[in-house]
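**Student:** Here is the input, now give the coordinates:
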Amino acid sequence: MIALCDAMVQSDQFAGAVEAQVLAPLRAAVMTKRNRVAAETAATRVDFYTLVRGRADDDGCRIARGFVDKVLSAQSPSGP
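**Tutor:** Here you go, the predicted model:
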């Protein structure tokens, strides 16, 4: 079937018909499926955040500790 379509596309007489009746619907179906899969994937996407462990003088560690302290103090009824 593919060989037949390929031969017909190379013909001036049938190229337009193959494009309109075979290739365009197939292209639309592929794009519809890609968009559906992309939407499903986006709907289930999860962002993960990583807290960094390290030395006390490490800037990333201080930032992470500050964030954790804020979260813990917000959850604690009496504060830090």
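**Student:** The one helix or strand Met31 maps to - what's its average pLDDT?
**Tutor:** Element membership of Met31, judged by DSSP states H and E, is helix 24-43. Helix 24-43 shows a mean pLDDT of 93.
**Student:** Determine how far it lies from the middle of the whole chain.
**Tutor:** On the basis of C-alpha atoms, centre = their mean, to the nearest Å, helix 24-43 sits 13 Å off its chain's mean C-alpha point.
**Student:** One more: stretch 1-8?
**Tutor:** Centroid separation for stretch 1-8 versus its chain: 35 Å, with C-alpha atoms, centre = their mean.
**Student:** Outside of that stretch itself, list whatever touches it.
**Tutor:** For stretch 1-8, contacts defined as C-beta atoms under 8 Å, 6 or more residues apart in numbering pick out 14-15, 17-18, 22-23. Quick note: C-beta positions are derived from backbone N, CA and C, even for glycine.
**Student:** Provide a list of residues in contact with Ala15.
**Tutor:** Residues in contact with Ala15 (C-beta under 8 Å, 6+ apart) are 8-9.
**Student:** What of Phe48?
**Tutor:** For Phe48, no contacting residues are found, by C-beta under 8 Å, 6+ apart.
**Student:** what are the phi and psi values for it?
**Tutor:** Dihedral pair for Phe48: phi -110, psi 140, per degrees, to the nearest 10.
**Student:** Following element in sequence after whichever helix or strand Asp6 is part of, please.
**Tutor:** Per DSSP H and E: Asp6 is located in helix 2-9. Using DSSP H and E, the helix or strand that follows helix 2-9 in sequence is helix 15-18.
**Student:** That following helix: which residues count as buried?
**Tutor:** By neighbour count with 16 or more other C-beta atoms under 10 Å, helix 15-18 contains the buried residues Val18.
**Student:** pLDDT of it, averaged?
**Tutor:** For helix 15-18, the mean pLDDT works out to 94.
**Student:** Good, wrapping up.
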